[in-house]
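J.: Model the following, please.
(chains A and B)
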Amino acid sequence: MANLLRERSLLALIGDEDTITGLLLAGIGHIDNKQKSNFLIVDSKTPLSTIEETFIEFTRRKDIAIILINQHVADMIRQLVDDYDQAFPSVLEIPSKDHPYDPAKDSVLKRVQRLTGDN
Amino acid sequence: MSQEKLDAIDNCLFELLELVENFNEIRIKSNKELSSGYFNLAKSKYSLGAGAFTSLSYDKRMTCGAKITCDKIDDKELVQFKLGGEMYEKKVKSTENESNIKNRNNEEKTEQNKTNIEEVKFRNPLLWYGVLVPQSLRSSQKDFKNALTSIVELTNLSLKINEKYNEYKELTEN
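T.: Purely as a prediction, here's the structure:
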């Protein structure tokens, strides 16, 4: 278990171009020897199936510790994100430039809301 | 249901709500940092031209400067993430350099130093956009770095929230 955790050292990101550029500036970008990157740029032309496949691929990769996803992209694959309940890699939704953060859609807060009976 | 169990449920719920409050506070902080980062990035786009900031300008040999380490908290299953890597660890001046200057003729040591330099592959992403980048781009990088630190804190809190959630569920089900 400890060895498996030690291998998880990357942050993955699914989001729009501005979010990706910003967080790559912060140093999260990584492209390995097989030209496999740890980010996916989503624009209006990106098919839903690509987003779904990439999300599933990131959740299965052994070198990723945290998956960051723009909230508006998470909305596109809401069922997948809400059903994901593994601790590793952890999934966190972040706001994008054009879509402000909405706490009502956040999967972490939604669970707590369900528990306290607010929803 | 016994009084003790009711108290345990109350405590668990109280702790859970406290975690959620922390989560919201850090979320507000990280959102501010991100929005400031986006704003500074937009400023840089204005001064360098929008074409400079497309995915085509990314270095295809990039390596990550932000690495996550997973620390396991004793006597608990809970794991906490810690942000590290070349961009987030403060550089400490090594005393070895001084000794190298004094012993310039010592070839072995200088060779060792060379290999150390070759091992470091990480390049600051700012350099993708040139050497003299606008100040706003530097500010943007700083904002995104701060935001990333907050994001890792948020992830840690979300793990704690999930753990407490499961604990609460177990207590109420039995």
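J.: Show residues contacting whichever helix or strand A:Ile67 is part of.
T.: Using DSSP states H and E, A:Ile67 maps to strand A:64-70. Surrounding strand A:64-70, the residues in contact under the criterion Cβ atoms under 8 Å, 6 or more residues apart in numbering or on different chains are A:8-16, A:19, A:23, A:38, A:42, A:55, A:58-59, A:81, A:88-96, A:99, B:68, B:70, B:81, B:151-152, B:155. (Glycine included, C-beta is placed from N, CA and C.)
J.: Can you point out the buried residues in the helix or strand just after it?
T.: Tracing the chain past strand A:64-70, the next element assigned as helix or strand by DSSP H and E is helix A:71-76. Neighbour counts over helix A:71-76 (16 or more other Cβ atoms under 10 Å in any protein chain shown) mark A:Gln71, A:His72, A:Val73, A:Ala74, A:Met76 as buried.
J.: Mind exporting the C-alpha coordinates of the helix of greatest length in chain A to PDB?
T.: Counting residues, the longest helix in chain A under DSSP state H turns out to be helix A:48-60. Taking only C-alpha atoms (Å, rounded to 0.1, in the frame of the first residue of the first chain), the coordinates of helix A:48-60 have been written out as PDB:
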ATOM      1  CA  LEU A  48     -18.200  13.800 -24.700                       C
ATOM      2  CA  SER A  49     -16.800  10.300 -25.200                       C
ATOM      3  CA  THR A  50     -13.200  11.700 -25.100                       C
ATOM      4  CA  ILE A  51     -13.800  13.500 -21.800                       C
ATOM      5  CA  GLU A  52     -15.300  10.300 -20.300                       C
ATOM      6  CA  GLU A  53     -12.500   8.100 -21.600                       C
ATOM      7  CA  THR A  54      -9.900  10.500 -20.300                       C
ATOM      8  CA  PHE A  55     -11.500  10.800 -16.900                       C
ATOM      9  CA  ILE A  56     -11.700   7.000 -16.600                       C
ATOM     10  CA  GLU A  57      -8.100   6.600 -17.800                       C
ATOM     11  CA  PHE A  58      -6.900   9.200 -15.200                       C
ATOM     12  CA  THR A  59      -8.800   7.300 -12.400                       C
ATOM     13  CA  ARG A  60      -7.000   4.100 -13.400                       C
END
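J.: What mean pLDDT does stretch B:79-90 get?
T.: Model confidence over stretch B:79-90 averages 81 on the pLDDT scale.
J.: can you check stretch B:45-56 too?
T.: 84.
J.: now stretch A:56-76
T.: Averaging the model's pLDDT scores along stretch A:56-76 yields 92.
J.: gap between it and the chain center?
T.: How far stretch A:56-76 lies from its chain's middle: 3 Å, per Cα atoms, centre = their mean, to the nearest Å.
J.: Could you check it and say which residues are buried?
T.: Buried positions in stretch A:56-76, judged by neighbour count with 16+ other Cβ under 10 Å: A:58-59, A:61, A:64-74, A:76.
J.: Neighbouring strands - and their directions - for the strand holding A:Ile67?
T.: Next to strand A:64-70 in the sheet, as set by DSSP bridges, lie strand A:10-15 (parallel), strand A:90-94 (parallel).
J.: could you give the angle of the last one to helix A:48-60?
T.: This points to strand A:90-94. Here strand A:90-94 points in a direction 130 degrees away from that of helix A:48-60 (axes from the mean of the first three to the mean of the last three Cα atoms, to 10 degrees).
J.: what does strand A:90-94 contact?
T.: Where contact means Cβ under 8 Å, 6+ apart, the residues beyond strand A:90-94 that reach it are A:15, A:19, A:59, A:65-71, A:74, A:81, A:84, A:101, A:105-108, B:30, B:34, B:81, B:151, B:154-155, B:158-159.
J.: and if you look at stretch B:3-17?
T.: A:Val112, A:Leu115, A:Thr116, B:Ile161, B:Lys164, B:Tyr165, B:Glu167, B:Tyr168, B:Leu171, B:Thr172.
J.: if you set the cut-off to 7 Å instead, what comes out?
T.: Residues external to stretch B:3-17 that are found in contact with it (Cβ atoms under 7 Å, 6 or more residues apart in numbering or on different chains): A:Val112, B:Ile161, B:Lys164, B:Tyr165, B:Glu167, B:Tyr168, B:Leu171, B:Thr172.
J.: three-state assignment of the last one?
T.: In three-state terms, and counting by DSSP: H, G, I helix; E, B strand; the rest coil, B:Thr172 is helix.
J.: With that, I have no additional questions.
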